[in-house]
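In: After the sequence you'll find the predicted model.
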Amino acid sequence: MSRGRTRGRRYDSKPKLNLKKVIGVIVALAVIVMVIISIINIVKTGKNEIEVKKYSYYTSYENGKFGVINNDGETIIEPTYNDIIAIPNSSKAIFICTYDINDIDGTYKTKALNEKNEEILTGYDKIEAIDNLDSKQNIWYEDNVLRVSKNGKYGLIDFEGKEILACEYDEITALKGVKSNILIKKAENVGLVNEKGQIIVPVQYKNILTLKEGYKNEYIVVNENNKYGLISTSGNVLIEPKYEMIKYLNSSNLFGIKENGVWKLINTQDTNIIIDGGYDDIIEAKTDSIIIIKDGKYGVINMNKEEIIAPQYEDLKYVFSIYYIAKKDGKYGIINLENQEVIPFEYTSMVYVENAGFIQADKTETETVIFDSNLAQKITGIISEINTDKGYIKAYTNNEYKYYNFKFEEKNVSDLLTSNNLFLSKKDGKYGYVDKTGKIIVDYIYEDATEQNSCGFASVKKDGVWGSINKIGAIAKEPSVNLDNSIYIDFIGEWHLSDNGLYYEK
């Protein structure tokens, strides 16, 4: 019926509803609503999957070649490269591959690949990860910058390819033992930049050194005459480079300097020499207490060179308050500033875990004691792990593993390893796995085992060989790998960590 014919029509009573049409409209509307809801759910689900499913990447090794796997153990880059593939940041799909290596003339080529095996970050002669190394021989890469070169000169880019330092330097390397501090060299001089390419130390020194591993408030600078000085991160010269050596003493303004073979103590706030010789060495300075060595023995003096503790110990380290870890007759204990023995000299080693606030003392190879900040004995057993990131201690005591927080409260492992869904459990000398409620998921059949790693896999040992299970407790790798000579036991699916800890292999 056309619009014109319906206009002005009068009804004597209410019109009747056409039920079929009404039902049809309702069904159509319902379908539309369901479609809209489905689309919304799909979009939401897609977003959630993108947010939740985050991959991490690891170098793999198989049949003498290197590749890349992800945290599910899936091969991302086939193992076809002769040289190890560098992964600067395990959460980023940027893989630096080296190829066409000529050992005779030392030449090689590099490229960056993504998770699709596509070449990225092109336009440079070379692109490389910047490796670093600490005193324990732990190797890592700078995780947000890459070194690039053009026409024989080096610069820096970020992971998106943005240039943060132009290719105009002769060398670019990491300042060893410190993250996000990068040495740049031009001609015969070096300087220091951070990960954003900002100058920390100008390019005018022969060398730049760290005061202490991981410490980056000040730096040692060495001039063309091999004289040592001190410079701050803002570029202020705190100590002119005119000394034979400079030493960090665990103080913000007191530093050891060596001049004409003599160790002295200098205050950078006014550059006054506080102690001008008289000691073999100066070890540490805390407020008015200074650890020195005289005639081969350790002691403590004050700023006026008055003896607080006469030099008589084989070693001495400040702990906190008035306490010091001391070594006497080959054993460690703790003394106070009155030279009173507060913890007996009966330990083979003793360290203060500063970022956890307790003292770890080894009595024998199988017995370690943990003392709190009141020097009270809190834990005794084999300390298998101290995790300062998650704030717990794992100890083997009374024939079982126990977990403690840094308040020394015993905790369920599920309270500490909150991202895990399986937890190691021991019964009748065998290991299995339970869930958060204590329900047995993997039966007690293994002679050794580990907790789940960050990838969700746990390593299990049976009949003398190792394999792995996945996050639901299913076998990912049948126990078949002999790891008796391995320090590190870790699996990602079928791949196990190599003895050197640098890559995963089958």
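Out: Arrived safely, thanks for sending. Numbers count the residues shown, from 1 in each chain.

In: C-alpha from now on. contacts and neighbour counts both.
Out: OK.

In: Return the list of strands paired to the helix or strand where residue 157 lies, each annotated with direction.
Out: Here residue 157 sits within strand 153-158, counting by DSSP states H and E. Strand partners for strand 153-158, identified by DSSP bridges, are recorded as strand 145-150 (antiparallel), strand 163-169 (antiparallel).

In: Just the CA trace of the shortest one, in CSV.
Out: Listed next in CSV are the C-alpha coordinates belonging to strand 145-150 (Å, rounded to 0.1, in the frame of the first residue of the first chain):
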residue,chain,number,x,y,z
VAL,A,145,69.3,-0.2,21.1
LEU,A,146,71.2,-1.7,18.2
ARG,A,147,74.6,-0.7,16.7
VAL,A,148,74.5,0.1,13.0
SER,A,149,77.2,1.1,10.6
LYS,A,150,77.5,3.0,7.3
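
In: Buried residues of that strand, list them for me.
Out: 145, 146, 147, 148, 149 (16 or more other Cα atoms under 10 Å).

In: Pairing partners for the lengthiest strand in the chain, with directions?
Out: With DSSP state E applied, the strand covering the greatest number of residues in the chain is identified as strand 377-387. Each strand that strand 377-387 pairs with, and the sense of that pairing, follows from DSSP bridges: strand 368-371 (antiparallel), strand 392-397 (antiparallel).

In: Out of those strands, which gets the lowest mean score?
Out: The stretch with the lowest mean pLDDT among these is strand 392-397, which comes in at a mean of 92.

In: residues making contact with that strand?
Out: Taking contacts as Cα atoms under 8 Å, 6 or more residues apart in numbering, the residues outside strand 392-397 that touch it are 380-387, 401-406, 416.

In: List the buried residues of that strand.
Out: Buried positions in strand 392-397, judged by neighbour count with 16+ other Cα under 10 Å: 392, 393, 394, 395, 396.

In: can you give me how far that strand is from the chain middle?
Out: Here the centre of mass of C-alpha atoms in strand 392-397, compared against the chain's by Cα atoms, centre = their mean, to the nearest Å, lies 21 Å away.

In: Output the strand holding residue 157 as CSV, nothing but the C-alphas.
Out: Output in CSV follows, covering the C-alpha atoms of strand 153-158 (Å, rounded to 0.1, in the frame of the first residue of the first chain):
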residue,chain,number,x,y,z
LYS,A,153,81.3,4.5,10.9
TYR,A,154,78.9,3.4,13.7
GLY,A,155,75.7,4.8,15.2
LEU,A,156,72.7,3.7,17.2
ILE,A,157,69.1,3.0,16.4
ASP,A,158,66.2,1.9,18.6
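
In: mean confidence score for it?
Out: If you average the pLDDT over strand 153-158, you get 98.

In: Show me the contact partners of it.
Out: 144-149, 163-172, 197.

In: Also stretch 106-116?
Out: Residues outside stretch 106-116 that contact it (Cα under 8 Å, 6+ apart) are 76-77, 93-102, 119-122, 126-128.

In: Ok, which of the strands paired with strand 377-387 comes nearest residue 312?
Out: Each of the strands paired with strand 377-387 was checked against residue 312 via Cα to Cα, and the shortest separation belongs to strand 368-371, namely 24.6 Å.

In: Surely residue 330 touches residue 350?
Out: No: look at residue 330 against residue 350 with Cα atoms under 8 Å: they stay out of range, at 11.7 Å.

In: Neighbour count for these two, which is higher?
Out: With neighbours defined as other Cα atoms under 10 Å, residue 330 and residue 350 compare such that residue 350 has more, 22 against 14.

In: Show the subsequent helix or strand relative to the helix or strand hosting that one.
Out: Remark: residue 350 resides in strand 349-353, with elements defined by DSSP H and E. Elements were assigned by DSSP H and E; along the chain past strand 349-353, the next helix or strand is strand 358-362.

In: Pull the distance from that following strand to the chain's centre.
Out: For strand 358-362, the gap between its own C-alpha mean and the chain's C-alpha mean amounts to 22 Å (Cα atoms, centre = their mean).

In: Just the angle for that strand relative to strand 377-387, thanks.
Out: Angular relation of strand 358-362 and strand 377-387 on a 0 to 180 degree scale: 90 degrees, by axes from the mean of the first three to the mean of the last three Cα atoms, to 10 degrees.

In: Okay, now the unreliable bits of the protein?
Out: 1-52 (pLDDT under 70).

In: Any idea what residue 259 is bridged to?
Out: When residue 259 is checked against DSSP bridges, its beta-bridge partners turn out to be residue 262.

In: now residue 201
Out: In beta-bridge terms (that is, DSSP bridges), residue 201 pairs with residue 192.

In: ok, it to residue 211 distance?
Out: For residue 201, the distance to residue 211 equals 14 Å [Cα to Cα, to the nearest Å].

In: of the two, who's got more company?
Out: residue 201 (25 against 20).

In: The more buried one touches residue 235, doesn't it?
Out: Yes: the pair formed by residue 201 and residue 235 meets the contact definition of Cα under 8 Å, at 5.7 Å.

In: what touches both of the two?
Out: Common neighbours of residue 201 and residue 235 are not found (criterion: Cα under 8 Å, 6+ apart).

In: re earlier: so for residue 65, which of the strands paired with strand 153-158 sits nearest?
Out: Distances from residue 65 to each of the strands paired with strand 153-158 were compared using Cα to Cα; the shortest belongs to strand 145-150, at 23.6 Å.

In: Contacts made by that closest one with the rest, please.
Out: By Cα under 8 Å, 6+ apart, strand 145-150 touches 124-130, 154-159, 167, 172, 195.

In: ok so, going back, same list (the buried residues of strand 145-150) but as TSV, adding distance to residue 177.
Out: Listed next are the buried residues of strand 145-150 as TSV, based on distance: Cα to Cα, whole Å:
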residue	distance to residue 177
145	17
146	18
147	18
148	22
149	24
